[in-house]
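Enquirer: need a structure here:
(one chain, ligands or ions: 1)
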Amino acid sequence: MAAAVFHQCIGAIQVRSCGTEKSGNSSLRFISRGFVIDCGLLRKGTCSSHWCKLHVIRASTSDASVIDPISSTSHNAIDSSQNTSIETALILIRHGESLWNEKNLFTGCVDVPLTKRGVEEAVEAGKRISNIPVDMVFTSALIRAQMTAMLAMTQHRRKKVPIVMHNESKEAKAWNQIYSEETKKQSIPVITAWQLNERMYGELQGLNKQETAERYGKEKVHEWRRSFDVPPPNGESLEMCSQRAVAYFREHIEPHLQSGKHVMVAAHGNSLRSIIMYLEKLTSQEVISLELSTGIPLLYIYKEGKFMRRGSPVGATEAGVYAYNRV
Ligand SMILES: O=C(O)[C@H](O)COP(=O)(O)O
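Expert: Predicted coordinates:
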């Protein structure tokens, strides 16, 4: 059941091609455009063309008749007299395709930009989340994540201006002040943090993934790429990456969700895999089979200290949303 901050009964819609996960209880889950849609009231049946009353997280819809969650208060702190707690949205996006993704090179912390396709992926991601409120954006210190965040926000329906906050020095902090409260209200702070950077791939950075597999053997490269605690030569293991990424998330991002802010995080394949491991309490065995596509937004709802996966695919093999990186 879609028990989440933006679930609305938007009437019956026809669900066309999608993946389904038939569950024993009265709800079916559909994958449509990379988002899981939980049916509320429905007739039993297969996916095919299926009419049902949907409670759905509006990841993106052009249907004007749909109530716009954006008009609700951004904090979405529901009236305490209703005795309900704050629910907030957390959107995770792996950066769009980068120039070194395109060349199949190990990238890690090398700071390369997006390809044209990566730019298009970022804009498409923005369209998919255009109805979901965003009060703050966090990105890594790397341009491919920052480009993805800024491009995605150009598609947001509220048209607020994302502004990278500079506090790398006293002057930087002082010199990027905004002296209009009204203008501030029309802005969204973008906070960059190296702790959200991609795992540092050490001596693999810049090497071709295919050639590396031929030189060191597929198994060894797979172990470097997809084990939990085995680092590449002079690089970070996923475990080491998660120690900084998850620590940052818990200390600097989660408190904002608790206070009623909706947050978007644009980061990297491995820094996000480690954060998802924390959100979904995955084991070190489960996380190694998790892959993230470039530029596909994943939606979680935060409520009472828990994260409910809403927009992420039901399984790591879900075509079209998770993609396996080429070796
Ligand atoms: O850093 C890189 O090369 C990619 O962003 C992620 O690479 P991986 O899929 O090998 O972790």
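Enquirer: now do the buried residues in the longest helix seen in the chain.
Expert: Longest helix in the chain, counting residues (DSSP state H): helix 116-128. Along helix 116-128, the positions that meet the burial threshold by neighbour count (16 or more other C-beta atoms under 10 Å) are Gly118, Val119, Glu121, Ala122, Val123, Glu124, Ala125, Gly126, Lys127, Arg128. Bear in mind the C-beta positions are built from the backbone N, C-alpha and C, glycine included.
Enquirer: which parts of the stretch 101-250 of the chain sit against the ligand?
Expert: With C-beta under 6 Å from any ligand atom as the criterion, the stretch 101-250 of the chain meets the ligand at residues Phe106, Thr107, Gly108, Glu198, Tyr201, Arg225.
Enquirer: check whether Ile276 really touches Val287, as I assumed.
Expert: Yes - Ile276 is within contact range of Val287, at 7.5 Å (criterion: C-beta atoms under 8 Å).
Enquirer: can you name the residue of the stretch 101-250 of the chain nearest to the ligand?
Expert: Distances from the stretch 101-250 of the chain to the ligand, computed as C-beta to the nearest ligand atom, single out Thr107 as the nearest residue at 3.6 Å.
Enquirer: A strand includes that residue, no?
Expert: No - the assignment for Thr107 (DSSP: H, G, I helix; E, B strand; the rest coil) gives coil, which keeps it out of a strand.
Enquirer: with adjacent residues omitted, what lies nearest to it?
Expert: Closest residue in space to Thr107, ignoring its immediate chain neighbours: Trp100 at 4.4 Å, by C-beta to C-beta, 6 or more residues apart in numbering.
Enquirer: likewise Glu286?
Expert: Ranked by C-beta to C-beta, 6+ apart and with sequence neighbours excluded, the top spatial neighbour of Glu286 is Met277, at 7.8 Å.
Enquirer: pretty sure the one you found is touching Ala245, no?
Expert: No - contact between Met277 and Ala245 fails when scored by C-beta under 8 Å: they sit 9.7 Å apart.
Enquirer: higher neighbour count, the two?
Expert: Of the pair Met277 and Ala245, Ala245 is the one with more neighbours under other C-beta atoms under 10 Å, namely 29 against 22.
Enquirer: hmm, the more buried one is touching Arg273, no?
Expert: No - under the criterion of C-beta under 8 Å, Ala245 is not in contact with Arg273, lying 9.1 Å apart.
Enquirer: show me what the residue lying closest to Met165 once chain neighbours are set aside is bridged to.
Expert: Nearest non-adjacent residue to Met165, counting by C-beta to C-beta, 6+ apart: Pro189, 5.1 Å away. Note on Pro189: beta-bridge partners by DSSP bridges are Ile163.
Enquirer: how many neighbours does Pro189 have?
Expert: Here the number of neighbours of Pro189 (other C-beta under 10 Å) works out to 13.
Enquirer: before we move on, what about Thr154?
Expert: Other residues within reach of Thr154, judged by other C-beta under 10 Å, total 14.
Enquirer: show me the contacts for it.
Expert: For Thr154, the residues meeting the contact criterion (C-beta atoms under 8 Å, 6 or more residues apart in numbering) are Val123, Gly126.
Enquirer: report pLDDT for it.
Expert: Looking at Thr154, its pLDDT is 95.
Enquirer: may I see the buried residues of stretch 244-255?
Expert: Within stretch 244-255, the residues that qualify as buried by neighbour count (16+ other C-beta under 10 Å) are Arg244, Ala245, Val246, Tyr248, Phe249, Ile253, Glu254.
Enquirer: what secondary structure does the last one sit in?
Expert: Taken by three-state DSSP, the conformation at Glu254 corresponds to helix.
Enquirer: repeat that for the fourth one.
Expert: Under the three-state scheme (three-state DSSP), the conformation of Tyr248 reads as helix.
Enquirer: so what secondary structure elements neighbour the helix or strand hosting Leu272?
Expert: Taking DSSP states H and E as the definition, one finds Leu272 inside helix 269-279. In terms of contact count using 3 or more C-beta pairs under 8 Å, 6 or more residues apart in numbering; DSSP states H and E, helix 269-279 is assigned the packing partners strand 87-94, helix 238-248, strand 263-267, helix 284-287.
Enquirer: then it to PDB, C-alphas only?
Expert: These are the backbone C-alpha positions of helix 269-279, laid out as PDB (Å, rounded to 0.1, in the frame of the first residue of the first chain):
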ATOM      1  CA  GLY A 269      27.100   4.500  -8.300                       C
ATOM      2  CA  ASN A 270      29.000   3.300  -5.200                       C
ATOM      3  CA  SER A 271      28.400   6.200  -2.800                       C
ATOM      4  CA  LEU A 272      24.700   5.700  -3.400                       C
ATOM      5  CA  ARG A 273      24.900   1.900  -3.200                       C
ATOM      6  CA  SER A 274      26.400   2.300   0.200                       C
ATOM      7  CA  ILE A 275      23.600   4.800   1.200                       C
ATOM      8  CA  ILE A 276      20.900   2.500  -0.100                       C
ATOM      9  CA  MET A 277      22.500  -0.300   1.900                       C
ATOM     10  CA  TYR A 278      21.900   1.900   5.000                       C
ATOM     11  CA  LEU A 279      18.400   2.900   4.000                       C
END
